[in-house]
Structures are given as C-alpha cells and as structure tokens.
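Visitor: I would like to see how this sequence folds:
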Amino acid sequence: DKTSSIAENVTIKVDAVVGAVKSQTAAISQVTEGIDQISSIIQSTSATSEQSAAAAQELSGQSLLMNKLVRKFRLS
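Guide: Numbers count the residues shown, from 1 in each chain. Modelled structure (predicted):
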C-alpha cells in the first residue's frame, strides 16, 4: 500500500536525521572538551607567566642591591 510505503520512507529519513544529530552532538561534545582543555592550559600558562614575571622582578631588585653592596668594597 502506498501510505505504508510513504510512512516507511518518512521513518527512514527521520532515523537518518536522528543519527546525524547524534553524530553532531558527539562531535560538538568532543570540541567542547578540547576547548575546555585548551582553556585550562592557557590559565595554567598565564599563572606561570605571572609567577615568572614576579620572580624576575624580585631577582632584578636583589641584583641591584648586590651591585650596591659590592661597590662598597675596594680591592687593594
């Protein structure tokens, strides 16, 4: 019967759409997970950079102080 054939055709097409949506949902989930990992790495790198900058500034200050102290000594 023609009606059941049309219904079968619609069911097949709907199933194909559902399959495609599931596949896209899985792909989007993987992309989201990747973005989350990248974000975490960026935050970690940013924190490390800030710590390195602070350490460099501290070392620069200590270097200036040592320079001043060493200048007070005279070699005979």
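
Visitor: three-state assignment of the residue most central in space within the chain?
Guide: Central residue of the chain (C-alpha atoms, centre = their mean): residue 38, 1.4 Å from the mean position. Look at residue 38: counting by DSSP: H, G, I helix; E, B strand; the rest coil, its state is helix.

Visitor: which residues touch it?
Guide: By C-beta atoms under 8 Å, 6 or more residues apart in numbering, residue 38 lies in contact with nothing. Quick note: C-beta positions are derived from backbone N, CA and C, even for glycine.

Visitor: Begin at 33 from now on, thanks
Guide: Happy to do that; since the first residue is 33 now, the last one works out to residue 70.

Visitor: Quick check: the gap between it and residue 64.
Guide: 11 Å (C-beta to C-beta, to the nearest Å).

Visitor: can you give me the helices in the protein?
Guide: Along the chain, the stretches classed as helices by DSSP state H are 34-103.

Visitor: Which residues are in contact with residue 79?
Guide: By C-beta under 8 Å, 6+ apart, the contact list for residue 79 is empty.

Visitor: distance of it from residue 101?
Guide: With distances taken as C-beta to C-beta, residue 79 is found 33 Å from residue 101.

Visitor: pLDDT below threshold where in this structure?
Guide: Judged against pLDDT under 70, the low-scoring parts of the chain cover residues 107-108.
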